[in-house]
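> What follows is a protein structure lacking sequence information:
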RNA sequence: CGGGAUGUAGCGCAGCGGUAGCGCACCUGUUUUGGGAACAGGGGGUCGCUGGUUCAAAUCCAGUCAUCCCGACCA
């Protein structure tokens, strides 16, 4: 390919709306162009890279036994209604209707579609396991598109869905996909960490995310520094293990209410009562349209909203309104506590005309403790000398992990080392899905005994554009992008420097010889000064640069430069063929 | 949706009551040509949109749309 037919679209200045390196460089080097927030056009080089990454993924997926399909982007509402996601997906799903007012959604993901497909053709356990995948556009009306290709509203995803007769089979495919992903990201030149991830309200028994460590990562990871332990998890999933165990000291003093006028937060009350934050019970209250969730956790820690949502089984929880708080704690916000609470688990209350279930959750680090302090369920009042089992009861088997873990907590796996925190970009996710969709769409096959058996599923996703962008995020310098060979648009960027038409013709011929040998080369044959070409070559970032000019016409030497190291060497043109 | 900011030429910006400017890019010519050339000439903008204030609005006011940043979603 040459510049006279496929032009460069490079620019000197960063677009003003770009904040991260990959977005700036991909824009400046003429790979992508934003059309609207979260929607990007791919320019010729960008699309070549995109296709190369797709091809890496495709090759590996095929190698690991997955079969490629292609599903419609526009999906009928009916499918989503069956699974319940037509309503639960909310505004994130882009919807539209046809001329007959039939509703559709631009698929944000394709569990329903693929499950529908599986239902059409899977009838026997002998057909299993099977792993369908596709590489296609996804649409998510993200609240905040960000960082160029990292978080888009339209993006290409490789999504795979496997179907199994039992958990053992799912486990086997799940492990294969983990291996497959490792190979894919390796080949893309990305160093990934796989971390334990939240499996969300969908349930499921396991989920891992493939993370690329990066300062611009939107995920916080907690890692055990010990090489034998290797515990790694997404912070929202990390089990909390305190550095120092909470005191279990108890006294015989009875629970007592004390005046704490206008002191509300744990911080304020701790100062006021001259007590340690660790001896407090922090009460947090969330709600959605159908439930009010009270959680009690150690006073020195923050709640993990992810854990709260999973354990309560309630999605889209938000901080409770003052009305709801008053309803459950008989006091304004800031004075709730577990002692003499006037609601209990399973109660139904009415707040501003809406009926809501009360769900109460206790953190396990409050079990068997005494000398605790919490809100008194009365305005301007706190309770001291609280003792679990005496003044409030955490039911057997309901000691939950509700606390958000953080750096320097103990590793919950080995219990020996302090966790380290790092940021990561999520480029892939493997997930044991279970039966949610096969049950909803009633997908079963006959097992070996001739009995119908509902299938279990796994799903596996990779964001293609995000992977592309992440490669740049990890591989650039002050001059521009540095592509790994596997993803580069071309292997060579060839710069011709000629003073006469004859010389130009001679370089053109050399280019033709490379093309004949099927060498991946982009030829910058523009009538530009050399400096412009050198800079564009560095900016666009192909692995090698070939310069043909004065030295060739005088000594038959060309110059080869390695983009990554900037090392230059002279050689005969023919050496390119070896 | 809450908080903050910005919309002026293809890109990056200045101008902030008197009718539009700079750098880069672009076109023509000359001289240049191994790390973003110099000179000369030239083209291009109803200043996001709508309304208001004013003799006069890019500039002040209101509304609206778009974009970006910080928080809740996710590949």
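Nice, thanks for sending it over. A quick note: this is a predicted structure, and the numbers were derived from the prediction, not measured.
> for the residue nearest the centre of chain A, helix, strand, or coil?
With distances taken as Cα atoms, centre = their mean, the residue of chain A nearest its centroid is residue A:426 (3.8 Å). Counting by DSSP: H, G, I helix; E, B strand; the rest coil, the backbone at residue A:426 sits in strand.
> in the sheet, who's paired with the spatially closest residue to it that is not a sequence neighbour?
Closest residue in space to residue A:426, ignoring its immediate chain neighbours: residue A:209 at 5.0 Å, by Cβ to Cβ, 6 or more residues apart in numbering. (Glycine included, C-beta is placed from N, CA and C.) Using DSSP bridges, the bridge partners assigned to residue A:209 are residue A:195, residue A:429.
> burial count for residue A:209?
When neighbours are counted by other Cβ atoms under 10 Å, residue A:209 registers 26.
> How about residue A:144?
Count around residue A:144 with other Cβ under 10 Å applied: 7.
> I figured it hits residue A:151, correct?
Yes: with contact defined as Cβ atoms under 8 Å, residue A:144 counts as touching residue A:151 (7.5 Å).
> Which neighbours in the sheet does the worst-scoring helix or strand of chain A on mean pLDDT have, and how are they oriented?
The helix or strand of chain A with the poorest confidence is strand A:318-319; it has a mean of 82 (mean pLDDT, DSSP states H and E). Each strand paired with strand A:318-319, and its direction, by DSSP bridges: strand A:281-287 (antiparallel).
> Buried residues in the following helix or strand past the partner strand, which are they?
On the C-terminal side of strand A:281-287, the closest following helix or strand by DSSP states H and E is strand A:291-298. For strand A:291-298, the neighbour count (16 or more other Cβ atoms under 10 Å) marks A:291-298 as buried.
> which residues touch residue A:14?
A:24, A:27-28 (Cβ atoms under 8 Å, 6 or more residues apart in numbering).
> Tell me the one of those nearest RNA strand B?
Using Cβ to the nearest atom of the strand, residue A:28 comes nearest to RNA strand B of these, at 7.5 Å.
> Which pLDDT does the model give that closest one?
We have a pLDDT of 97 for residue A:28.
> re the thing from before, surely the residue nearest to the centre of chain A touches residue A:213?
No: applying Cβ under 8 Å, one finds residue A:426 not in contact with residue A:213, separated by 11.3 Å.
> Minimum distance to RNA strand B, which residue of the stretch 351-500 of chain A gives it?
With Cβ to the nearest atom of the strand as the measure, residue A:463 is the residue of the stretch 351-500 of chain A nearest to RNA strand B, at 2.4 Å.
> One more: the stretch 51-200 of chain A?
Using Cβ to the nearest atom of the strand, the closest approach of the stretch 51-200 of chain A to RNA strand B is made by residue A:143 at 3.3 Å.
> Return the set of buried residues in stretch A:253-264.
A:255, A:260, A:263.
> Serialize these to JSON lines and add fields for pLDDT and secondary structure.
Shown next, in JSON lines, are the buried residues of stretch A:253-264 (pLDDT from 0 to 100; DSSP: H, G, I helix; E, B strand; the rest coil):
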{"residue": "A:255", "pLDDT": "91", "secondary structure": "coil"}
{"residue": "A:260", "pLDDT": "88", "secondary structure": "coil"}
{"residue": "A:263", "pLDDT": "81", "secondary structure": "coil"}
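> Quick one: these as JSON lines, columns for distance to RNA strand B too.
What follows is these, written out as JSON lines (distance: Cβ to the nearest atom of the strand, whole Å):
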{"residue": "A:255", "distance to RNA strand B": "35"}
{"residue": "A:260", "distance to RNA strand B": "28"}
{"residue": "A:263", "distance to RNA strand B": "25"}
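> now, which of these sits nearest residue A:337?
residue A:255 (10.0 Å; Cβ to Cβ).
> now the closest one: how far from residue A:240?
As judged by Cβ to Cβ, to the nearest Å, residue A:255 and residue A:240 stand 26 Å apart.
> what's the answer for residue A:185, then?
Distance, residue A:185 to residue A:240, using Cβ to Cβ: 30 Å.
> Give me the more crowded residue out of the two.
Set residue A:185 next to residue A:240 and count neighbours by other Cβ under 10 Å: residue A:185 wins out with 24 against 21.
> quick one: which helix or strand includes that one?
Short version: residue A:185 belongs to helix A:167-187, going by DSSP H and E.
> just residue A:554 next, same as before
Per DSSP H and E: residue A:554 is located in helix A:550-555.
> same for that helix, what does it pack against?
Applying 3 or more Cβ pairs under 8 Å, 6 or more residues apart in numbering; DSSP states H and E, one finds that helix A:550-555 contacts helix A:501-516, strand A:557-562.
> Near RNA strand B, which residues of the stretch 301-450 of chain A? Just list them.
Proximity of the stretch 301-450 of chain A to RNA strand B, by Cβ under 7 Å from any atom of the strand, involves residues A:305-306, A:309, A:426-429.
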